[in-house]
Structures are given as C-alpha cells and as structure tokens.
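Participant: kindly return the folded structure for what I paste below:
(chains A, B, C and D)
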Protein chains: 2
Amino acid sequence: MAQPDRAPPNGGETLLFLTDEQLRQGIEAMFFAYRGFTADPDRILAELCYGRAHHRALHFINCAPGTTVNNLLSILGVTKQSLNRVLRTLIADGLVESRVGRSDRRERHLHLTEEGRALEQRLSDAQRARMRKAYRQAGPEAVAGFRKVLESMMDSEQRRQYHALRDGRGQASGGRE
Amino acid sequence: MAQPDRAPPNGGETLLFLTDEQLRQGIEAMFFAYRGFTADPDRILAELCYGRAHHRALHFINCAPGTTVNNLLSILGVTKQSLNRVLRTLIADGLVESRVGRSDRRERHLHLTEEGRALEQRLSDAQRARMRKAYRQAGPEAVAGFRKVLESMMDSEQRRQYHALRDGRGQASGGRE
DNA sequence: TTGGAATGTCAACAACGCTGACTTAAACTG
DNA sequence: CAGTTTAAGTCAGCGTTGTTGACATTCCAA
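Facilitator: As a prediction, this is how the structure comes out:
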C-alpha cells in the first residue's frame, strides 16, 4: 500500500525531496481550507444556537441510521458527556429520536426525525456546494490526489472508520435495530 | 483560473459529474484527516498545558516576526480577547516578546524568544513529519492535486492571506518594526 | 486642542471539550 | 441464582477557546 521511502529513481520528480517550506505551505493550506470547509454550516448553526458538535452528530446519525450511542462516540472521538450534552438538546428539540434496542434493550438506536433530516440536508447542502465548487475548479485528477493525501494523513483507526462509513453506505444496510 | 463549469468533452472523466455520495466522502475525508493533522501537536501541547490556539499563534509569529496583534487577529480569524489570552500566557512564559512600535506606539510587535522558537520547531517538526509521510505515500501528483483542491476550498480572503504568507516568506522581509 | 479612530487590554460569559464518580438496566457467566 | 460486565445516562467540576462590551492609550485630523 505505502510506497517505500526511497529517493526517486531520477531527478524528474522533485516533490519527494520535501523542503520544510513545501510542508509548511501544506500545513497552512490545511488550516485555511478547514476554515472555509466549516464556514457555511457554522453560519447556519449559529442562527439556530447550535454548534459544530450538533452538526457532526446529525451528519453521522444520518449516515448510519439506527447507530448506537457507543458507536457514535467512537466515530466522533469525544467523551460520553460531550456527546450526551449535544444529543440531549437534539432529542429535546425533536431532531433526533432515540429508540430502545430490540435485541439488546440496553442500547439506544438513534434516528433523525423528519425535521432532523431537513436540517442535516440544509447543512450538508451548504457544505457540498463548497466542495463541488472546489472539485470542479481543481479538476478530477486533483480530486483524486486530494483524497489520496487526506487518507494518508489519517491515523489508521480514523482510516478504518472512514472506510467503514463508505462501505456501510454502499450497501443499504447501516444499522439494524 | 477556474475552469468553466461544463460537462466533460467525452465520457472519459466521470468526476465532473459529482454525486452527493462523492462529495460526502470528501467531507468525511476532511473531517478525519484534520483530526490526524492536529493530533501530534495536540499531544505535545497537552503536556505543556497549552492548546491549539497557542500553537497557531507561535506558528504565525514565527512566519512573520514583528507582526502586530491586529495583523495576527485577521490571520487567525478570532477575536481580540481570544488571541490576547493566549498571547498573555506565551509572553508570561517567556516564549513571545512584545515590543512597543517605534513609529506607532499603539502597536505591539511580536517576536518569538529563543525558547519560543524551540517550541515552535518541536511542534511543527511533529506536524511536518506527518505531512511528509502523507506526501510521500501519495506521490507528487497527488500532492499537487491536494494543494489545488484545498486552495479552491478557501474563501477569497483566506486565499489572499495564504498567498501573502507564502510570498512574505519567499523574500526575507516579513514585518518591520 | 479636541474629538474620533485605531490599537491593545481586561472582565465576564457561553460552547464544548475533558475527567471521575455514580446509577440504572440489561446481558452474560460461572 | 449471584456476581460481573456492558450500555447508557447523569452530576459535579474543570480547562481551552470562542464571544461581547467596556476601557485606556495613542495617533491624527479638523
């Protein structure tokens, strides 16, 4: 999977000799791009007195309807208390529904309500619009490279979860109750 | 600069027809990759009871020594108080020096001390190591695409600042006092 | 010289991470 | 069945980092 770390066969490619300056530019690009990446949903959330944490919860519940609290915890990488604070408001506001598990009644399975789906749509529409614009401006090859670098930048655990989400959506499954 | 938004000339490239699923994967890739991106410095910072905000301040003061508080504010995109709290601790701990401006005595010009430079080095070494690994695994073409997409994802103002930083480092200038 | 604009400082508050201790309910295990 | 483990939720309390608003200092222009 990973190419071995060796010098390029000839002088044709200079990028494998990576100067601190090149890497620094990449770091700054990530910093500024992530700001852009979150800017649009943040504006919408601010109107509703929600934060990024609410958005993340909505996003991943939408991706894997019926997911359990524990599962969500491991995806989001936060503590129970942090997630619970957010989930409590989302449930109270009628955006998320928590159903007792059928096979294991200790578990709670999370679903978006109609209203929750609507907000998730609105948020991810905004984010997708920016993504679409960036992808189109950069072109298909750039997109492939973008994805490749991002994936290499993840920790192995994060990469595992990233793929699990993709695959889970490919089939119709996701979560059972 | 931006390619016009039209269909590809033939069916060779499917990426300009962007499904919601493709965009969603890009969004999730950004989410997980950013976690990886900040993980290494975060660990170091936690030892020292600092946070990401301290890292950002050190980074940009190091890039543009002699920069003013106001300038730093606009780069970081936070409020004065957020930055000030961080600067105060960095100054108290002897990592940053704040010199009253010569031509305009309202301004404070910020510099890293020897100790500040050392910590900045340590932090950015960690971050660059991850970046270097990702770049090498993905290859030079992927890196070019990565940079292209990130740049398209920024707001125009962020893109301006991103370029200003690059260019400022190209020459030896940066900031005067 | 006086009034406004720019620069920076500080107090107080909110969002959202964290830890640790605890409860409840259900499932598992010997 | 008794004891342990697991899933979820709660409470108290804390730290970082974002916010707003008031304030001091300095500069500049009318």
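
Participant: can you tell me which residues in chain A are near DNA strand C?
Facilitator: Within reach of DNA strand C by Cβ under 7 Å from any atom of the strand, chain A has these residues: A:49-54, A:56, A:77-83, A:85-86, A:103-106. Where you see a C-beta, it was placed from the backbone N, CA and C, and this is true even at glycine.

Participant: buried among these? Make that a PyMOL selection.
Facilitator: The following PyMOL line selects those of the residues of chain A next to DNA strand C that are buried, judged by 16 or more other Cβ atoms under 10 Å in any protein chain shown:
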select buried, chain A and resi 50+53+54+56+78+83+86
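
Participant: go through the residues of chain A next to DNA strand C and flag which are in helices.
Facilitator: A:Arg52, A:Ala53, A:His54, A:Arg56, A:Lys80, A:Gln81, A:Ser82, A:Leu83, A:Arg85, A:Val86 (DSSP state H).

Participant: out of those residues, who's nearest B:Gly36?
Facilitator: Closest approach to B:Gly36 among those (Cβ to Cβ): A:Arg56, at 16.1 Å.

Participant: wait, that closest one sits on A:Leu76?
Facilitator: Yes. Between A:Arg56 and A:Leu76 there is a contact at 5.8 Å, judged by Cβ atoms under 8 Å.

Participant: farthest pair in the ones in helices among the residues of chain A next to DNA strand C?
Facilitator: A:Arg52 and A:Lys80 (18.2 Å).

Participant: per-residue pLDDT, A:Gly175?
Facilitator: Here, the pLDDT recorded for A:Gly175 equals 40.

Participant: please apply the same query to A:Ile44.
Facilitator: For A:Ile44, the pLDDT comes out at 94.

Participant: give me the number of residues near it?
Facilitator: Close neighbours of A:Ile44, defined as other Cβ atoms under 10 Å in any protein chain shown, add up to 16.

Participant: what packs against the strand or helix carrying it?
Facilitator: Per DSSP states H and E: A:Ile44 is located in helix A:20-47. Other helices and strands packing on helix A:20-47, by 3 or more Cβ pairs under 8 Å, 6 or more residues apart in numbering or on different chains; DSSP states H and E, are helix A:52-63, helix A:114-138, helix B:20-47, helix B:52-63, helix B:114-138, helix B:140-153, helix B:156-170.

Participant: what residues sit buried inside it?
Facilitator: A:22-42, A:44-45.

Participant: same check, this time on stretch A:102-121
Facilitator: A:Glu107, A:Arg108, A:His109, A:Leu110, A:His111, A:Leu112, A:Gly116, A:Arg117, A:Leu119, A:Glu120.

Participant: I'd say the fourth one and A:Leu73 touch.
Facilitator: So that's A:Leu110. No. Applying Cβ under 8 Å, one finds A:Leu110 not in contact with A:Leu73, separated by 11.3 Å.

Participant: spell out which residues make up each domain of chain A.
Facilitator: Per the record, chain A has its domains at A:37-127, A:139-170, by automatic domain parsing.

Participant: start to end distance for the shortest one?
Facilitator: This means domain A:139-170. Domain A:139-170 stretches 24 Å from its first residue to its last (Cα to Cα, to the nearest Å).

Participant: quick one: A:Glu97 is in a strand?
Facilitator: Yes. Counting by DSSP: H, G, I helix; E, B strand; the rest coil, A:Glu97 is part of a strand.

Participant: which residues touch the closest residue to it other than its chain neighbours?
Facilitator: Nearest residue to A:Glu97, sequence neighbours excluded (Cβ to Cβ, 6 or more residues apart in numbering or on different chains): A:His111, at 4.8 Å. Applying Cβ atoms under 8 Å, 6 or more residues apart in numbering or on different chains to A:His111 gives the contacts A:Ile61, A:Pro65, A:Gly66, A:Val96, A:Glu97, A:Arg99.

Participant: A:Leu165 now?
Facilitator: With Cβ under 8 Å, 6+ apart, A:Leu165 has these contacts: A:Phe60, A:Cys63, A:Ala64, A:Ile75, B:Glu28.

Participant: just A:Gly51 next, same as before
Facilitator: Counting by Cβ under 8 Å, 6+ apart, A:Gly51 has contacts A:Leu45, A:Val86.

Participant: contact residues of chain A facing DNA strand D?
Facilitator: By Cβ under 7 Å from any atom of the strand, the residues of chain A that approach DNA strand D are A:68-71, A:73, A:80-81, A:84, A:87-88, A:98, A:104, A:106-108.

Participant: quick one: the residue in chain A that DNA strand C sits nearest to from B:Ile27, how far?
Facilitator: Nearest to DNA strand C in chain A, going by Cβ to the nearest atom of the strand, is A:Gly51, at a distance of 1.3 Å. As judged by Cβ to Cβ, to the nearest Å, A:Gly51 and B:Ile27 stand 17 Å apart.

Participant: among the helices and strands of chain A, which has the poorest mean pLDDT?
Facilitator: For chain A, the helix or strand with the lowest mean confidence is helix A:156-170, at a mean of 91 (criterion: mean pLDDT, DSSP states H and E).
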